[in-house]
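Participant: this is a predicted model, with the sequence first.
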Amino acid sequence: MCLTDINENLSFYTEKPYTYEGEVLTFDDINLDDFGVRIEYITGHSKASAVFIFEEDKEVFSGDTLFARSIGRSDLYHGNMEKLKAGIVKYLFTLDDDTIVYPGHGAKTKIGIEKKKNPFFK
């Protein structure tokens, strides 16, 4: 888990490396149906990257997986460009084109726009 292993969370690059030693809850501990969310793990940016899909609301919170006309970096520890792109195609590009994507930073976008204009998928 990235929070418990200093080598996984990359905080060793900062002045104050951080790890968490308390109880770790996972998404398996929560009834996600109560929230109308589906969580898919799209590895490639990191080995634990997850996206939060609200299919009924046509919204996705993609973190550092998919950005407007870009994708997350894959040159970090456990990064893998092929896995990242394959996960985006499998879990995100199968959503309705008008699904709004809210990335971890930067402008929001839509699935249909990314399928047509994202240079990583040309």
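Facilitator: On my side now, so go ahead.
Participant: against Gly22, how distant is Val51?
Facilitator: Using Cβ to Cβ, to the nearest Å, Val51 is found at 25 Å from Gly22. Backbone N, C-alpha and C define where each C-beta goes, glycine included.
Participant: likewise Gly44?
Facilitator: To Gly22, Gly44 is 28 Å away according to Cβ to Cβ.
Participant: which one of these two has more residues nearby?
Facilitator: Using other Cβ atoms under 10 Å as the criterion, Gly44 and Gly22 rank with Gly44 on top: 24 against 7.
Participant: chain neighbours aside, what residue packs nearest to the more buried one?
Facilitator: The shortest distance from Gly44 to any non-neighbouring residue, by Cβ to Cβ, 6 or more residues apart in numbering, is to Leu84 (2.4 Å).
Participant: did I read that right, that neighbour in a helix?
Facilitator: Yes - counting by DSSP: H, G, I helix; E, B strand; the rest coil, Leu84 falls inside a helix.
Participant: surely it meets Thr65?
Facilitator: Yes - counting by Cβ atoms under 8 Å, Thr65 is a contact partner of Leu84 at 7.0 Å.
Participant: give the residues shared as contacts by those two.
Facilitator: When Cβ atoms under 8 Å, 6 or more residues apart in numbering defines a contact, the residues bordering Leu84 and Thr65 alike are 42, 44-45, 71-72.
Participant: between the residues you listed, which is nearest Asn80?
Facilitator: Among these, Gly44 lies closest to Asn80 (Cβ to Cβ), at 4.8 Å.
Participant: which element, helix or strand, includes the closest one?
Facilitator: Assigned by DSSP states H and E, Gly44 belongs to no helix or strand.
Participant: now do the contacts for it.
Facilitator: Gly44 neighbours (Cβ under 8 Å, 6+ apart): 65, 72, 74, 79-87.
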